[in-house]
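J.: predicted coordinates and the sequence they were generated for:
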Amino acid sequence: MSLAIWQECLAQLKDELSKSDFSTWLRPLQAGYSNSVLSLYSPNKFTSDWVRNNFMEIIENKVKLLAQLEDPNHTIQIRLLVGKPESSETKPVAAPIAAKINTNHPWQGVSKADPVAHKSNLIKRFTFDNFVEGKSNNFAIATTQQIAENPGGVYNPLFLYAHPGLGKTHLLHAVGNAIVAENPESKVVYIRSERFVQDMINAIRNNTIEQFKDYYASLDALLIDDIHFFAGKERSQEVLFQTFNSMLDGHQQVILTSDRFPKEIEGIDERLRTRFGWGLSIPIDPPELETRVAILISKAEERGLTLPDDVAFFIAKRLTITDVRVLEGAIANISAKAQFTGQDITISLVQDALRDMLAVHTKQTTIDNIQKVVAEHYRIKISDMASKRRTRTVARPRQIAMALAKELTQHSLPEIGEAFGGRDHTTVLHACRKVAELRNENNDIQEDYKILIRTLSM
Ligand SMILES: Nc1ncnc2c1ncn2[C@@H]1O[C@H](COP(=O)(O)OP(=O)(O)OP(=O)(O)O)[C@@H](O)[C@H]1O
């Protein structure tokens, strides 16, 4: 028993998780091993919490399985800590466990008659429930949901294509999880193309290529991610082609994903490309504004955070990059900031937490613009923003404009006061407090405020 288990676990996770998840959360972990306890050290509490909430289950399952492969009687405990391993915990790898584990690939020695060592690679947390629907992806969702109800039916093969980070992998796991939930006996395998090619090379080397093909031909559903990885790999394409034909003949479901339309993948044999397109090819488009808002709210909820609509809108409007991982990263930063400061999630907290991200995307909101937009909204003159008039029809919009200036710009209270007719900073502070109070008590003012933020964010 040694640290080699963790190294093998990491190698497998690298194949199974997205690149950004792997490099953000798992690569920074340092491992120590002593007395049957595997300790994983994170550089900070935030990483440690995130790993605990999101990856602990998959890590535990893998490590325990790997430990048992090495010694069926051995139990191993895993703990997550902040810091660095002790020198006594980082002894060099003792046994050549990797070689041993390599001979235990799921398909090894497995034939149609012996379906025992099946391993689905499915990640449970990717489900239809937590996949946010919008115009950009509703066709892909509807089709994969129908496949989940009737695998091997009319949509076979299904080809999903999209730019990175738009949810291809999530949907593959969601459909796989749904098939297994419906019928726990189903043999479903999710595999990234790199892993398929690597396993195939090992099978050729070990003279087990027939078992390899048999194993794949025995599945009820094969979900292959990032098929463009096969480009230029002729031998692998041949095996994939045979597997593919055999599965389609047997009405077993195949779903493939790629970053482009089948016909546009270069370096793939024409026969295979044509076959990819036999069933249905569906794009997933970048999420539009409303879907980005819904994704942000849902990702915040997953962390137990309530993201107010106007704040979600503010972020979605500014982070127009299509990769959904950027939105996930934004929520991670906001969550860290909110936990660290103990503050509510407001636009100014978000501006602070996402300073670097927003700097790339944001057009600056100016006090002039805020005054103009608020004056138009309440049909008052812009000059009244700076005037001495104190009637409520003028004073209230002025206070709202001051609060917006505080929330949406980096100006100090005295600077804002200056821009509103040379008022004192305490007047601005009073306006901000008053508006916060009014937003809580009065729905109309709350709605107005949200509309104004939207207009100013455009
Ligand atoms: N509509 C959505 N609702 C909720 N989460 C989403 C949605 N789209 C993408 N995500 C999330 O964004 C992250 C990236 O998605 P995923 O890994 O599925 O993208 P991908 O298209 O497979 O990217 P790549 O081509 O880089 O592998 C995942 O954590 C996923 O849960």
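T.: Noted; the coordinates are in hand. Numbering: from 1, shown residues only.

J.: now the helices for the stretch 51-200 of the chain?
T.: Taking DSSP state H, counting those that start in this stretch as the criterion, the stretch 51-200 of the chain carries its helices at 56-70, 97-102, 138-149, 168-182, 193-205.

J.: nearest to the ligand, of the ones you listed?
T.: helix 168-182 (3.3 Å; CB to the nearest ligand atom). The way it works is simple: take the backbone N, C-alpha and C, and place the C-beta from them, glycine included.

J.: just the angle between the closest one and helix 138-149, please?
T.: 30 degrees (axes from the mean of the first three to the mean of the last three CA atoms, to 10 degrees).

J.: let me know the pLDDT of the closest residue to residue 234 other than its chain neighbours.
T.: Leaving out its chain neighbours, the residue that sits closest to residue 234 by CB to CB, 6 or more residues apart in numbering is residue 269, at 7.3 Å. As predicted, residue 269 sits at a pLDDT of 86.

J.: now do residue 227
T.: 91.

J.: which part of the stretch 251-400 of the chain gets nearest to the ligand, residue-wise?
T.: Proximity to the ligand, evaluated over the stretch 251-400 of the chain using CB to the nearest ligand atom, is greatest for residue 324 at 3.5 Å.

J.: what's the least confident stretch among the helices of the stretch 51-200 of the chain?
T.: Among the helices of the stretch 51-200 of the chain, helix 97-102 scores lowest, at a mean of 39.

J.: before we move on, the earlier item: who touches the residue of the stretch 251-400 of the chain closest to the ligand in this structure?
T.: 165, 166, 167, 287, 295 (CB atoms under 8 Å, 6 or more residues apart in numbering).

J.: what's the local residue count around the last one?
T.: Right, residue 295. 22 (other CB atoms under 10 Å).

J.: quick check, it in contact with residue 287.
T.: Yes - applying CB atoms under 8 Å, one finds residue 295 in contact with residue 287, separated by 6.3 Å.

J.: quick check: neighbours shared by those two?
T.: 132, 324.

J.: residue boundaries of the strands in the stretch 201-350 of the chain?
T.: Here the stretch 201-350 of the chain has its strands, by DSSP state E, counting those that start in this stretch, at 221-225, 253-258, 280-283.

J.: which strands border the second one, and is each parallel or antiparallel?
T.: Right, the one you point to is strand 253-258. Counting by DSSP bridges, the strands paired with strand 253-258 are strand 158-161 (parallel), strand 221-225 (parallel).

J.: quick one: which of these is nearest the ligand?
T.: strand 221-225 (6.5 Å).

J.: quick one: contacts of that closest one?
T.: 151-152, 168-169, 172-173, 175-176, 179, 186-193, 196, 216, 240, 243, 247, 252-257.

J.: of those, which are in range of the ligand?
T.: 168, 169 (CB under 6 Å from any ligand atom).

J.: derive a PyMOL selection command for the buried subset of the contacts of strand 221-225.
T.: Filtering these down to the buried ones (16 or more other CB atoms under 10 Å) takes a single PyMOL command:
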select buried, resi 151+152+168+169+172+173+175+176+179+186+187+188+189+190+191+192+193+196+216+240+243+247+252+253+254+255+256+257
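
J.: so how far is stretch 206-219 off the chain centroid?
T.: 32 Å (CA atoms, centre = their mean, to the nearest Å).

J.: near the ligand, which residues of the stretch 51-200 of the chain are found?
T.: 131, 132, 137, 162, 164, 165, 166, 167, 168, 169, 170.

J.: which of these sit farthest apart?
T.: Based on CB to CB, the longest span within those runs between 132 and 164 and measures 17.5 Å.

J.: tell me which of the two has more neighbours.
T.: residue 132 (21 against 15).
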